[in-house]
Structure formats: C-alpha cells, structure tokens
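# generate coordinates for the sequence data below:
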Amino acid sequence: MRLTDEDLATLFDLGRNACRSGEGILPVLRARFPGLAITQCPAADVSDAPFRAGEYFDLHLLDTRDHCWRVTSDALTATGLLLAMHRGAP
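The predicted model follows:
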C-alpha cells in the first residue's frame, strides 16, 4: 500500500484521537487501513528520528518489503508504520 501525505495525516489524527479517548490505537488504525503493516513499541526502544512526533506517540515509517523491516524517511517506499508510544500513553 502506497502512503500519501493525506493517508499519513489521517493515520496520525486517528491515532491521536484513539489515544485521547482511551481506545486501542492498533485496532482503530488497522480497521481504517487494512493490509498496512502497523506495529507499536515504547518510544525508548527507537533511536531513529520520527517521521512525525506527537503527544502520545511518534510515527515512524517502515519499509517492510524485505525480510527485515527497516525505518525509512521516504514516504514513497514506506509500506508500514511503527508507533513509538510515549510513556503513559494508553
């Protein structure tokens, strides 16, 4: 799935709203974007600069085309997302 700027803005807003309301962020995003690899981990586990930083999580783009996933800054090659959750985020 190719991610557009609009997709990324929508994903970020949906994720933020899910966190604010206490909903599980992964089910909300996966329901809206089926087929897109989306995972999460604590922000402290990620040393790469985020594509977009937020109040509840930082958004990292992933290239999942090979056996090993890697963080990328190129939205055109991104095939997945990593949500680096901030401490205390639902």
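# could you use CA atoms for every contact and neighbour count after this?
Noted.
# gap between Gln40 and Phe57?
Counting by Cα to Cα, to the nearest Å, the gap from Gln40 to Phe57 is 9 Å.
# neighbour count winner among those two?
Using other Cα atoms under 10 Å as the criterion, Gln40 and Phe57 rank with Phe57 on top: 24 against 16.
# where does the chain have low pLDDT?
Residues of the chain meeting the criterion pLDDT under 70: 1, 89-90.
# now do the helices in the chain.
Ranges of helices in the chain, per DSSP state H, are 5-21, 25-32.
# in a markdown table: the ones you listed, plus distance to Thr64 and mean neighbour count.
Output for the helices of the chain, formatted as a markdown table (distance: least, Cα to Cα, whole Å; neighbours: other Cα atoms under 10 Å):
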| stretch | distance to Thr64 | mean neighbour count |
| --- | --- | --- |
| helix 5-21 | 17 | 15 |
| helix 25-32 | 16 | 15 |
